[in-house]
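J.: Okay, structure incoming, though there's no sequence with it:
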Ligand code: SF4
């Protein structure tokens, strides 16, 4: 059981370990050893770090918590997807997911950045009760390590999508620290082009991300092709507006050179009409972009439905005829591709994948 009074070492790994090594009189290479145990050898606790002298392991255990969360539930699906419900030290709960793509040998994780979400998207499970707090950098790194431990020793994580509970750009400081650990060679070694950050579109934070040294992939959750409808579906849009978001997205593309992704959750009889597809095509025209359309995955307690196959086909045809690069996501991957809006902080067991 984690001792919540101890500092969480993953919150600021380099600083914590450097201070420890200096105070404990441990040579610098001990820090590298600890990092290796954490990221490569997947140690479950300080005691497992068997090439460190026992006294140093005890010293580390007295100073720091290695884990701040406990796995409250672990769910498996037939397709290899696994989901963890984590209970945080203050009682908050978040979810994170591991997706295995056997065709491409991808091992993708979807991680959360906040307890709850304050963006208020009306179809979303994660934001039903608003936001409680930002996750710490350590709590974000911990999700990566907990999910990595689900893999056999000869498999590595290959991709990260920041699409779990919360608005990532509302917790950018901690997210960037955590992603630094994901990218480092002595961290998880996952390159920025394999890391996607999803947002409803917060222009100042998008601009800040554009100035960051790592060119992460950016996915913008549109969900509506005009402000009138988007104000209803994504209420935070009232204070921002699509024009400002698209302009920020264009600036990000110019700065990063990364093709943009736009996400569109397709809701029956709400945003799935032919005129919506035509407006969407006009909005995305002449942009270097991929459009991911995710037929809605119904959430208990919310009134929204999955569009019929005919509606989906018609929507897709209009976009393709307009030359938009579009992908429809299978429902199997819905919990990953559209995890934003699908993860819930409920304690009730949820079916992991609805095929
Ligand atoms: S869909 Fe995403 S941004 Fe919107 S409320 Fe849910 S978690 Fe937040």
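T.: Arrived safely, thanks for sending. Note that the coordinates shown come from a computational prediction; the quantities given were computed from them, not determined experimentally.

J.: Confirm that residue 281 sits in a helix.
T.: Yes - assignment of residue 281 by DSSP: H, G, I helix; E, B strand; the rest coil places it within a helix.

J.: which residues does the residue nearest to it when sequence neighbours are not counted contact?
T.: Nearest residue to residue 281, sequence neighbours excluded (CB to CB, 6 or more residues apart in numbering): residue 322, at 3.5 Å. The way it works is simple: take the backbone N, C-alpha and C, and place the C-beta from them, glycine included. By CB atoms under 8 Å, 6 or more residues apart in numbering, residue 322 lies in contact with 278, 281, 282, 285.

J.: What's the separation between residue 322 and the ligand?
T.: Residue 322 is 26 Å from the ligand, where distance means CB to the nearest ligand atom, to the nearest Å.

J.: before we move on, what about residue 105?
T.: As for residue 105, its distance to the ligand is 28 Å (criterion: CB to the nearest ligand atom).

J.: if I read this right, that residue contacts residue 156, doesn't it?
T.: No - counting by CB atoms under 8 Å, residue 105 does not reach residue 156; the two are 10.1 Å apart.

J.: ok, the two, which is more surrounded?
T.: Neighbours per residue, other CB atoms under 10 Å: of residue 105 and residue 156, the larger number sits with residue 156, 12 against 9.

J.: host element of residue 255?
T.: helix 242-256 (DSSP states H and E).

J.: Ok, residue 94 next?
T.: Per DSSP H and E, residue 94 falls inside strand 93-101.

J.: any idea how far that strand is from the chain center?
T.: Per CA atoms, centre = their mean, to the nearest Å, the displacement of strand 93-101 from the mean C-alpha position of its chain is 9 Å.

J.: who does it pair up with?
T.: Strand 93-101 has its sheet partners listed here by DSSP bridges as strand 82-87 (antiparallel), strand 106-110 (antiparallel).

J.: Name the residues of that strand that come out as buried.
T.: Going by neighbour count (16 or more other CB atoms under 10 Å), the buried part of strand 93-101 is 93, 94, 95, 96, 97, 98, 99, 100, 101.

J.: how about the nearest residue to the fourth one, chain neighbours excluded?
T.: Pointing back at residue 96 there. residue 143 is the one closest to residue 96 (CB to CB, 6+ apart), at 4.2 Å.

J.: between the contacts of residue 322, which is closest to residue 303?
T.: Taking CB to CB as the measure, residue 303 lies nearest residue 278 of the contacts of residue 322, at 25.8 Å.

J.: so the closest one sits in a helix?
T.: Yes - assessed with three-state DSSP, residue 278 lies in a helix.

J.: what's the neighbour count on it?
T.: Residues within reach of residue 278, counting by other CB under 10 Å, total 16.

J.: Please determine how far it is located from the ligand.
T.: Shown here: residue 278 relative to the ligand, a distance of 24 Å by CB to the nearest ligand atom.

J.: In contact with that residue, which residues?
T.: By CB under 8 Å, 6+ apart, the contact set of residue 278 is 318, 322.

J.: and what of the one 4 residues further on?
T.: Contact analysis of residue 282 by CB under 8 Å, 6+ apart lists 225, 322.

J.: do you know how far it is from the ligand?
T.: In terms of CB to the nearest ligand atom, residue 282 sits 24 Å off from the ligand.

J.: how about the helices in the stretch 201-350 of the chain?
T.: 203-211, 227-233, 242-256, 274-284, 309-321, 334-337 (DSSP state H, counting those that start in this stretch).

J.: One more: the stretch 1-150 of the chain?
T.: Per DSSP H, counting those that start in this stretch, the stretch 1-150 of the chain carries helices over the ranges 13-24, 29-35, 54-63, 137-148.

J.: which of those helices sits most buried?
T.: helix 137-148 (a mean of 24; mean count of other CB atoms under 10 Å).

J.: near the ligand, which residues of the chain show up?
T.: Counting by CB under 6 Å from any ligand atom, the positions of the chain adjacent to the ligand are 117, 119-121, 124, 126-127, 165-167, 200, 340-341.

J.: isn't residue 9 right up against residue 65?
T.: Yes - under the criterion of CB under 8 Å, residue 9 makes contact with residue 65 at 6.6 Å.

J.: which helices and strands does the helix holding residue 255 pack with?
T.: helix 203-211, strand 217-221, strand 260-266 (3 or more CB pairs under 8 Å, 6 or more residues apart in numbering; DSSP states H and E).
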